[in-house]
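Peer 1: Predicted coordinates and the sequence they were generated for:
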Amino acid sequence: QVQLVESGGGLVQAGGSLRLSCAASGRTLSTYAMGWFRQAPGKEREFVGVISRSGGITSYADSVKGRFTISRDNAKNTVYLQMNSLKPEDTAVYYCGARMSGWAGYVAVREIDYWGQGTQVTVSS
């Protein structure tokens, strides 16, 4: 089992940047492919992107492609989500999730085995 804790959220103006972190404890993070998801008020949780166990492969939702970058440092047991050119529609609670089954180009919410508690990102116009 792994415990995940997100940090780095906050309030930012449109066009700005934030970097979210997801720190793991328990099992080593390299055991899992890691996904980032988000949930806006009144909406379902949605896929943002995923990174393979080694960090060599990433995949993103079309809505964030070219603006968001996922990376990981397995030595630090941490995954990152760098968010640039933020838009008001990026406002949501952002969650990281661990997937034991490994890499997939798209990961559904039901395919995540462990979740963090989330961190709020608010983008003002």
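Peer 2: Noted; the coordinates are in hand.
Peer 1: Show me what counts as buried in stretch 3-10.
Peer 2: 4, 6, 8, 9 (16 or more other Cβ atoms under 10 Å). From N, CA and C alone the C-beta is placed, and that goes for glycine too.
Peer 1: just how off-centre is that stretch within its chain?
Peer 2: Relative to its parent chain, stretch 3-10 has a centroid offset of 9 Å by Cα atoms, centre = their mean, to the nearest Å.
Peer 1: Same check on stretch 109-125?
Peer 2: So, by Cα atoms, centre = their mean, the centroid of stretch 109-125 is 7 Å from its chain's centroid.
Peer 1: Likewise for stretch 92-105?
Peer 2: On Cα atoms, centre = their mean, the centre of stretch 92-105 falls 7 Å from the chain's centre.
Peer 1: Rounded mean pLDDT for it, please.
Peer 2: What stretch 92-105 shows for mean pLDDT is 92.
Peer 1: And stretch 75-85, by the same measure?
Peer 2: The pLDDT scores in stretch 75-85 average 97.
Peer 1: circling back: tell me the one of the buried residues of stretch 3-10 nearest residue 112?
Peer 2: residue 4 (10.1 Å; Cβ to Cβ).
Peer 1: Helix, strand, or coil at that closest one?
Peer 2: Classification of residue 4 by DSSP: H, G, I helix; E, B strand; the rest coil places it in strand.
Peer 1: OK, contacts around the nearest residue to it once chain neighbours are set aside?
Peer 2: Spatially, and ignoring its direct neighbours in sequence, residue 4 is nearest to residue 116 (3.7 Å; Cβ to Cβ, 6 or more residues apart in numbering). Counting by Cβ atoms under 8 Å, 6 or more residues apart in numbering, residue 116 touches 4, 5, 6, 22, 95, 96, 97.
Peer 1: Great, nothing more from me.
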